[in-house]
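> attaching a predicted model along with its sequence, questions to come.
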Amino acid sequence: MNRRPRQKQSHGRSLVGQTFDVEVGPVAHGGHFVARHDGRVVFVRHALPGERVTVRVTEGDEGSRFLRGDAVSVLEPSPDRVEAPCPVAGPGLCGGCDFQHVALPAQRVLKAAVVREQLQRLAKLDVPVDVEAVPGDDDGLRWRTRVQVALTPDGRRGFRAHRSHRVVPVDDCVITRTDARVEVEGEPVDEGVVSEAVSTSYGDHTFDVAAGGFWQVHPGAPRVLVETVLDQLRPEPGESCLDLYAGVGLFSAFLADAVGPTGSVHAVEGDRTACEHARANLAAYPHAAVTRGSVDRTLDRLDLEPVDLVVLDPPREGARKPVVSAVVARAPRAVVYVACDPAALARDVSLFTEGGYRLDALRAFDLFPMTHHVECVALLTR
């Protein structure tokens, strides 16, 4: 669940373990907050803007450009600070949740600030952002429908500490549903198939998904994402669509309904198993096709006429320039970009603006309460 630290070259005496007091500044992308000490930036977890805290350094040495640390004592708390609902959410403990110490409405304000800052800095756009709650969780808890756990040396289940290999035992993950599917890190994933039903104002579909394949972990996510994509694209009968990074065909199925038999939908997905399920899930639509392959290379070789609509739902690193350029070359009237990383979204939006598109609408959803993650859906028009 957590990114492991890269090995870094030492630049002097280690500062790990040292403590000092700081005034906490704004939230930064990645679940931490910006502070300064002795002229150097310190990225602090478990803090809030405006607080005065004692920081213990967790990464950095005398020559580091910046330090990382945990707020181990709160000297002047923010009014948005609350007691974490999980006993292992805190400095040196489970690294899965970044914001359990933050009141839920304030979590969404922080996420909105990150999305807005990334768009300002990377795309030179000043866009109002409101992170919306999504039905399907209980005050930000019990929403994960699938979770991967690690094992301690004595065989207990748990999660890794932040930027660490160390496993923290967790008996009850408070953001995970009691009926969630649990996978154990390093063990073979069940290759069976599960069915996921999605009911929206546009219709109902059931999707076959590999038990270990990708599917949104928040129960409210598929519906809200499908409805937002269709609301923004406004597909018309007879239009042609590209669904890139299509997974098992979630968006493709509803697009196929919308454009009808006189239109077309072409889904592109790199994962073999996901493609097999996408073909099965779209079997009722003769005007829908699925191509397996990496999106950048596939777009280069697909002999497609210009298309009307494009959906992009890339992995965390984003679509990047080759894909954006290939999409722009097909001159769609509208592109909807579904993003789980605001920095990648902002970089790609900048590429689209260079290609003659503008950001016309943006919605953000709290699909990952108690963490720093946020899902965005952006509409780009020519």
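Noted; the coordinates are in hand. Residues are numbered from 1 along each chain as shown.
> going forward, measure contacts between C-alpha atoms and count neighbours the same way
Will do.
> may I see the buried residues of stretch 90-105?
90-91, 93-104 (16 or more other C-alpha atoms under 10 Å).
> farthest-separated two in the residues you listed?
Maximum pairwise distance in those, criterion C-alpha to C-alpha, is 20.7 Å, between L93 and L104.
> how far away is the residue nearest the centre of the chain from A221?
By C-alpha atoms, centre = their mean, the chain has its centre lying nearest to C340, at 2.6 Å. Using C-alpha to C-alpha, to the nearest Å, C340 is found at 12 Å from A221.
> ok, the buried residues of stretch 90-105 vs R40, which is closest?
P91 (21.3 Å).
> quick one: contacts for the closest one?
By C-alpha atoms under 8 Å, 6 or more residues apart in numbering, the residues touching P91 are R45, H46, D70, A71, V72.
> those residues in strands, which ones?
The members of the contacts of P91 that map onto strands under DSSP state E are R45, D70, A71, V72.
> for those residues, give me TSV that also has pLDDT.
Shown next, in TSV, are the ones in strands among the contacts of P91 (pLDDT from 0 to 100):
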residue	pLDDT
R45	98
D70	98
A71	98
V72	98
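> now for these, which sits with the most neighbours around it?
Neighbour counts for the ones in strands among the contacts of P91 (other C-alpha atoms under 10 Å) peak at A71, which has 25 neighbours.
> per-residue pLDDT, Q9?
We have a pLDDT of 64 for Q9.
> to clarify, my last question referred to R301.
86.
> for the remainder of this discussion, apply numbering that starts at 277.
Shifting the count to begin at 277 puts that one at R577.
> report the separation between it and R344.
As judged by C-alpha to C-alpha, R577 and R344 stand 45 Å apart.
> ok, those two, which is more surrounded?
Using other C-alpha under 10 Å, the more surrounded residue of R577 and R344 is R344, with 20 against 8.
> give me phi/psi at the more buried one?
phi -120, psi 150 (degrees, to the nearest 10).
> list the beta-bridge partners for it.
Counting by DSSP bridges, R344 forms beta bridges with F319, E335.
> that one contacts G336, doesn't it?
Yes - using C-alpha atoms under 8 Å, R344 is in contact with G336, at 6.6 Å.
> where do the helices of the stretch 477-626 of the chain begin and end?
497-509, 526-535, 548-557, 571-577, 596-605, 618-630 (DSSP state H, counting those that start in this stretch).
> which other helices and strands contact the last one?
Based on contacts counted as 3 or more C-alpha pairs under 8 Å, 6 or more residues apart in numbering; DSSP states H and E, the elements that helix 618-630 packs against are helix 380-399, helix 596-605, strand 634-641, strand 651-657.
> can I get those in CSV with distance to A473 and mean pLDDT?
Formatted as CSV, those follow (distance: least, C-alpha to C-alpha, whole Å; pLDDT from 0 to 100):
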stretch, distance to A473, mean pLDDT
helix 380-399, 28, 98
helix 596-605, 30, 96
strand 634-641, 20, 98
strand 651-657, 21, 98
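> tell me the most buried of these?
Mean neighbours per residue, mean count of other C-alpha atoms under 10 Å, is largest over the helices and strands packed on helix 618-630 for strand 651-657, with a mean of 22.
> which outside residues touch that one?
The contact list for strand 651-657, computed with C-alpha under 8 Å, 6+ apart, reads 501, 504-505, 508-509, 609-618, 628, 633-643.
> how far off strand 634-641 does that strand point, in degrees?
If you take axes from the mean of the first three to the mean of the last three C-alpha atoms, to 10 degrees, strand 651-657 sits at 160 degrees to strand 634-641.
> convert the C-alpha atoms of strand 651-657 to PDB, please.
What follows is strand 651-657, C-alpha atoms only, in PDB (Å, rounded to 0.1, in the frame of the first residue of the first chain):
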ATOM      1  CA  GLU A 651      -9.900  11.400  -7.800                       C
ATOM      2  CA  CYS A 652     -10.500  14.100 -10.400                       C
ATOM      3  CA  VAL A 653     -12.600  14.100 -13.600                       C
ATOM      4  CA  ALA A 654     -11.600  16.900 -16.100                       C
ATOM      5  CA  LEU A 655     -13.300  17.900 -19.300                       C
ATOM      6  CA  LEU A 656     -11.100  19.300 -22.100                       C
ATOM      7  CA  THR A 657     -12.600  20.800 -25.200                       C
END
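> next, the angle from it to helix 618-630.
Strand 651-657 runs at 0 degrees relative to helix 618-630, counting by the same axes, to 10 degrees.
> partners of strand 651-657, with directions?
Strand 651-657 has its sheet partners listed here by DSSP bridges as strand 610-615 (antiparallel), strand 634-641 (antiparallel).
> redo those strands as TSV? Include distance to D519.
Output for those, formatted as TSV (distance: least, C-alpha to C-alpha, whole Å):
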stretch	distance to D519
strand 610-615	10
strand 634-641	19
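> so how far is stretch 539-551 from its chain's centroid?
21 Å (C-alpha atoms, centre = their mean, to the nearest Å).
> can you list contacts of that stretch?
Identification of contacts with stretch 539-551 by C-alpha under 8 Å, 6+ apart yields 485-486, 489, 513-525, 528, 531-532, 563-571, 574.
> tell me the mean pLDDT over that stretch?
97.
> for D533, see how far away V500 is.
17 Å.
> G412: which of the ones in strands among the contacts of P367 is nearest?
R321 (27.2 Å).
> doesn't V310 make contact with the closest one?
No - contact criterion C-alpha under 8 Å: R321 and V310 do not qualify, at 9.1 Å.
> enumerate every residue touching the closest residue to L558 other than its chain neighbours.
The shortest distance from L558 to any non-neighbouring residue, by C-alpha to C-alpha, 6 or more residues apart in numbering, is to A529 (6.2 Å). Applying C-alpha under 8 Å, 6+ apart, we find A529 in contact with H481, N557, L558.
> distance check, A529 against D480.
10 Å.
> kindly report the same for T538.
21 Å.
> what's the answer for R592, then?
28 Å.
> what do you get for D642?
Per C-alpha to C-alpha, D642 is found 23 Å from D480.
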